[in-house]
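Asker: Sequence first, predicted model second:
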Amino acid sequence: MLAWNTLGRPGWQSLRGRWRGLRAEARWGIAIGLEVALAALLFFVDHALGYAVLTLSAFYWIRRLPPMPWKLAAQAALVLVFLVFQPRSLGALLAIAFAVFWIPERLRVWALPVVAVVAAVFYPFYQTEMFTIPVFGVWPDVATGVVMIVFVMMAVGLNIVVGYAGLLDLGYVAFYATGAYTAAFFASQQFAGQRCPTPGVSIENCTVAAVPKHNFDLGAVGLVPGAGGIHVSGWLLLLLAGVITALFGIVIGLPTLRLRGDYLAIVTLGFGEILPQIARNGDNFFGTGVNLTNGPNGITPLDSIGFGNKLSGWTGGVLPSNFLTCCKANHLGHQFQSTDLFFWVAIVLLLITVFCSLRLQYSRLGRAWIAIREDETAAAAMGIPLMRTKTWAYASGAFFGGIAGAYYAIFKSATFPGDFFFNISVFILCMVILGGMGNIWGVIVGAAFLAYLDREGLANTGAWINSNVHVGHWHPNLEVPLYASGIYGLIILVVMLFRPEGLIPSRRRAAELHEGVHDEPLYDSTHAGTEA
Amino acid sequence: MAADASAPTLGTRFKRPTFIGGVGAVFVALLVALLIKEATVSPSQFGQTTLIGLTNGAVYALIALGYTLVYGILELINFAHGDVFMLGGMLAITIGTHVFGLHHGQGPVTVLIVFATLVLTMLACGSINATIEFIAYRPLRGAPRLAPLITAIGVSFIIQDIGLAWKGPNYVTAPDVFPHSQVFSVGGVDYQWNHLIVVIITVPVLLALLWLVQRTRQGKAMRATAQDKDAAAIMGINVNRTISFTFLIAGALAGAAGTLYALWATTVRFDQGFQLGLIAFTAAVLGGIGNLPGAVLGAVTIGLIQSWNEGLPWHMPGSDWTQSIVFSILILILVFRPEGLLGEKTPEGG
């Protein structure tokens, strides 16, 4: 510490000063030289990585060129080089990126989301054509895309609780589980029961094969004839799961939300641990034989989602009757898959979620959340009903978590208690923190990236490290996905220490985190103990 | 800490005992009645489970004290504490077997080896805990109070994976060195030495801790820092060093607990620390967090509840539900009596 304070920092600062003193051209030259050297170095590790660094630095420097005509020419040249010699998809991507920056700044606010949505919608069509990302490997599968969007939805929901209202929720997985089990209860054969087809004979004395006892059908698709149980249409089910989860959030929230921040975190953690245990032990409650959740085997299969035969017929098959058995069509050189349909529906759900979240943010309720986050006492003094406002935050966060959980369960066609560990709560929290608490765009980016890492990225990265990194004859043999939770922990730690506002911060939240909320302490809190 | 004025307010505290207190009393009375019935029906089994519960409670107490010490001084729930405990267990196994060559049936020299392992593990875990504080909590001293809580979760996950990378995903087994001979056997109730040893080692550690906090200069500094950091700083107390010292002590307790647990249960796994840590945290909250005797009381209570639930043949949940019961207690205590069993919250930890 001593060395850092007296020697290290001035040396570093003088270096920075000398760098600033250089002429602009010299600085550019040195920087470009360093980048080329780095690219050359990386080229020996992995060719693609070297190219990627070159491309990125070219992208960066071209952006700094004077506008016309140099910039356009350089951009066109770069895109052309890629379209002809290198992966074409990368060229196309560059062209889009350059195009976005040509849009006037005033319109860019809208252009960026529109481009992102369009790119996402057409993703299944060009996914197989995409270039290979260095280190990370191929672009994520469409099925991974569905999971990514589901987790983005959950992160956006958690962002309402943690980011807007400042209530640390360590048990968000409980909402996810509630949504998933709601879907499982209302769209499977779980509650079919058994009865004897012979009238007046109990199931124990039955001599012929038993048939389902209960049967309730409300617009579900793809049912096996004669299957019992509750079968509600998938679309209704999503709404139902959201509402039930929101109610559950209120039930949890009402007694606990008056607790102080860290106690609340612990209570939510408690609920997050209890609920999966109920799911795990729910095949035989306390020996009573009541089978609610089918225990560790989970509930599977679930009904799929679809538009039914009537709607499908009216639209000439454009709207598929059942997502699982759909898709013989071949458009734009792409064979449709049921995952594609799930992917598009997920995008629609995400757009609804984002829209609601954005509208909520600056609504009267949203402003009340921010006020509570910044100073609860002052907010209460200004007449904000604390309990009601906090409960609304909980309910809205839970609503989206429930929908996401239900959709994920329908997509997987299964619900297992093993999916709802504490790790998932922290995983979703990590998404919110990495992206930037309170900023929905940051949360979306952070969540998509982390969900991708979880599904494919870590495995790919591990494979890359194992095959490309070696010292002499020594090769590492890492199972990177095994250490996923440690990696998330590290991300949380690093982000909270060095950039607590996240990658894409909300300006307001950043100010809170940097200026602090306490009074300035009298003792030196950061460079502590150096003189003692 | 002016920022958390929303804590349990005065008004509710005086109103509460009327209804909730009554319900709680009825509930507790029912449980006691059930216990008495159980004790009369099968006294030997009841005695057995009670003794195991006490031993459990002793280990939990060591961990719970670490939570309560840190909470008392920083108002921070140190999530990483349970994982430091787990790391302590692994360290103890490694030090004991690989450095001192500990194995089953060594005779009297075992005592010496176990003692040396205990001391070394306590030192190591204390340093680890103080380092964690230095890296992960100190830079966030002025930040919103949820910020260090979040980093604590991050650190907890990192330590778990350090344990995973070090010892792999399976149980690490320790040599079974504690004697299993009986201390006494009264009316079918057996008490074995391996349980008693845990208690024998725990009690002096607890007494030493109480002495340290209540009788020494350093303890006085800790209590002063817990009460008011700014005032303590004005009085010439090096606040940061005191906090570091507290983490050192807490880590050493976790190390002692880890050693005892590893040698007693003879298995440790990388993810055990988190679960046991949460149970111990519940114990600390139950006793009144920040309150040292409270933590011990809470730990013994939780230990008893756990072993009664798992060991008695009554019509009760059983081991599948232990986690849920512990967390239900945690939630109920936090919601209805956040100051814990021992009355008023005493942040000075004494």
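Answerer: Yep, it's here. Residues are numbered from 1 along each chain as shown, chains lettered A, B, ... in the order given.
Asker: ok, how many other residues are close to the one residue in the stretch 51-200 of chain A that gets nearest to chain B?
Answerer: When distances are taken as CB to the nearest CB, the stretch 51-200 of chain A reaches nearest to chain B at A:Leu168, 4.9 Å away. From N, CA and C alone the C-beta is placed, and that goes for glycine too. Residues within reach of A:Leu168, counting by other CB atoms under 10 Å in any protein chain shown, total 22.
Asker: show me what contacts it?
Answerer: Contact analysis of A:Leu168 by CB atoms under 8 Å, 6 or more residues apart in numbering or on different chains lists A:162, A:261-262, A:264-265, A:268, B:146, B:149-150.
Asker: Among those, which one lies nearest to A:Ile372?
Answerer: Taking CB to CB as the measure, A:Gly261 is the one of the contacts of A:Leu168 closest to A:Ile372, at 10.9 Å.
Asker: Is it correct that that closest one is in contact with B:Ile150?
Answerer: No - A:Gly261 sits out of contact with B:Ile150 when judged by CB atoms under 8 Å, with a separation of 11.0 Å.
Asker: In terms of neighbours, single out the busier of the two.
Answerer: More neighbours surround B:Ile150 than the other of A:Gly261 and B:Ile150, with 28 against 19 (other CB under 10 Å).
Asker: Now do the helix or strand containing that one: which elements does it pack against?
Answerer: Secondary structure assignment for B:Ile150, by DSSP states H and E: helix B:146-167. In this structure, helix B:146-167 packs against helix A:261-281, helix A:422-435, helix A:484-498, helix B:80-94, helix B:272-287, with contacts taken as 3 or more CB pairs under 8 Å, 6 or more residues apart in numbering or on different chains; DSSP states H and E.
Asker: ranking those by burial, who's on top?
Answerer: helix B:80-94 (a mean of 29; mean count of other CB atoms under 10 Å in any protein chain shown).
Asker: what helices or strands is that one leaning on?
Answerer: Counting by 3+ CB pairs under 8 Å, 6+ apart, the elements that helix B:80-94 packs against turn out to be helix B:43-74, helix B:109-132, helix B:146-167, strand B:172-173, helix B:239-265, strand B:267-268, helix B:272-287.
Asker: Adding mean pLDDT, write those out as CSV.
Answerer: Formatted as CSV, the helices and strands packed on helix B:80-94 follow (pLDDT from 0 to 100):
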stretch, mean pLDDT
helix B:43-74, 88
helix B:109-132, 93
helix B:146-167, 92
strand B:172-173, 90
helix B:239-265, 93
strand B:267-268, 91
helix B:272-287, 89
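Asker: What's the separation between the closest residue to B:Leu330 other than its chain neighbours and B:Gln48?
Answerer: The spatially closest residue to B:Leu330, leaving aside those adjacent along the chain, is B:Thr282, at 4.3 Å (CB to CB, 6 or more residues apart in numbering or on different chains). When CB to CB, to the nearest Å is applied, the distance between B:Thr282 and B:Gln48 equals 24 Å.
Asker: circling back to that earlier point, looking at the helices and strands packed on helix B:146-167, which is nearest to A:Ser304?
Answerer: Within these, the stretch nearest A:Ser304 is helix A:261-281; the backing value is 22.4 Å (CB to CB).
Asker: Which strands or helices does that closest one pack on?
Answerer: If you count contacts as 3+ CB pairs under 8 Å, 6+ apart, helix A:261-281 packs onto helix A:172-186, helix A:234-256, helix A:422-435, helix B:146-167, helix B:272-287, helix B:322-336.
Asker: thinking again about what came up before, nearest to A:Leu80, of the helices and strands packed on helix B:80-94?
Answerer: Each of the helices and strands packed on helix B:80-94 has some distance to A:Leu80 by CB to CB; the shortest is helix B:146-167, at 45.5 Å.
Asker: tally of neighbours for residue 152?
Answerer: Going with chain A. 27.
Asker: My question was about chain B, not that one.
Answerer: Counted with other CB under 10 Å, the burial measure for B:Ala152 works out to 24 neighbours.
Asker: And for the one 10 residues further on?
Answerer: Residues lying near B:Ile162 (other CB under 10 Å) number 18.
Asker: Can you give me the pLDDT of residue 288?
Answerer: Just so you know, I chose chain A. Note for A:Thr288: predicted pLDDT of 70.
Asker: sorry, should have said chain B
Answerer: Note for B:Gly288: predicted pLDDT of 84.
Asker: What about the residue nearest to it when sequence neighbours are not counted, how many residues nearby?
Answerer: Leaving aside its sequence neighbours, B:Gly288 sits nearest to B:Gly340 (CB to CB, 6+ apart; 2.7 Å). Other residues within reach of B:Gly340 by the criterion other CB under 10 Å amount to 25.
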